[in-house]
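*Asks:* A predicted structure for the sequence below; I have some questions about it.
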Amino acid sequence: MLKKITKVLTIGLLASSIAFTSQSAFAANYVDEVEPTNDYYNSPTPFTWGDYANGYISSSTDEDGWIFYADSNQNGRPVSVILSRPSNKDYQYTIREVDNGSMVYPDGFQYIIDEPGFLIGTFKLKANTYYRITVYGTGPNEHSTTDKYYLSVE
């Protein structure tokens with residue numbers, strides 16, 4: 001039990017440090033969403049390894065889209081998608097392959113409650129594949145025009 005708690009705390013601290021200390025260290029890699037063009041389907045915002053995205057779920061119907069590409073050198077590479085969200089909002093994400101629309105079910109998916117909460121999904125990449133991440137609120141009151149979420153692909 002202690003080993004499991006230590007692992008969860010380690011992951012939480014790592015995600016916390018990524019989300020909150022990276023702004024100064026990786027300022028050149030921050031990508032801000034722009035409403036209303038950051039549409040989840042028609043015009044997702046391009047996103048690359050090491051980028052940290054800032055976004056808002058500004059209404060109950062808002063869904064933010066982010067897209068990234070795995071080239072031929074990344075086949076089988078494990079990747080983590082980390083969503084740091086406001087502690088008072090239940091934001092989720094889905095990951096789909098763009099070409100066929102199939103849902104990616106992260107292997108080893110972890111849900112960590114923290115201040116703010118984190119949603120971490122891990123899966124293995126396929127070569128030459130575009131992936132679309134959609135961030136959304138889970139209910140009618142799960143949105144804010146002032147509380148940002150942070151998204152990263154590691």
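*Replies:* Noted; the coordinates are in hand.
*Asks:* quick one, helices of this protein?
*Replies:* In the chain, the helices defined using DSSP state H lie at 2-25.
*Asks:* lowest confidence element among the helices and strands of this structure?
*Replies:* One helix or strand of the chain scores below all others by mean pLDDT, DSSP states H and E: helix 2-25, with a mean of 39.
*Asks:* and for the residue nearest to Ile95 when sequence neighbours are not counted, the neighbour number?
*Replies:* Of all residues not flanking Ile95 in the chain, Val104 sits nearest, at 4.1 Å (CB to CB, 6 or more residues apart in numbering). Using the backbone N, CA and C atoms, a C-beta is placed for each residue, glycine as well. Other residues lying near Val104 total 20 when counted by other CB atoms under 10 Å.
*Asks:* Val104 reaches Val81, doesn't it?
*Replies:* No. When contacts are counted by CB atoms under 8 Å, Val104 is not listed as touching Val81 (9.2 Å).
*Asks:* so what sits against both of the two?
*Replies:* The contact sets of Val104 and Val81 overlap at Ile95 (CB atoms under 8 Å, 6 or more residues apart in numbering).
*Asks:* for Thr145, grab the count of nearby residues.
*Replies:* 10.
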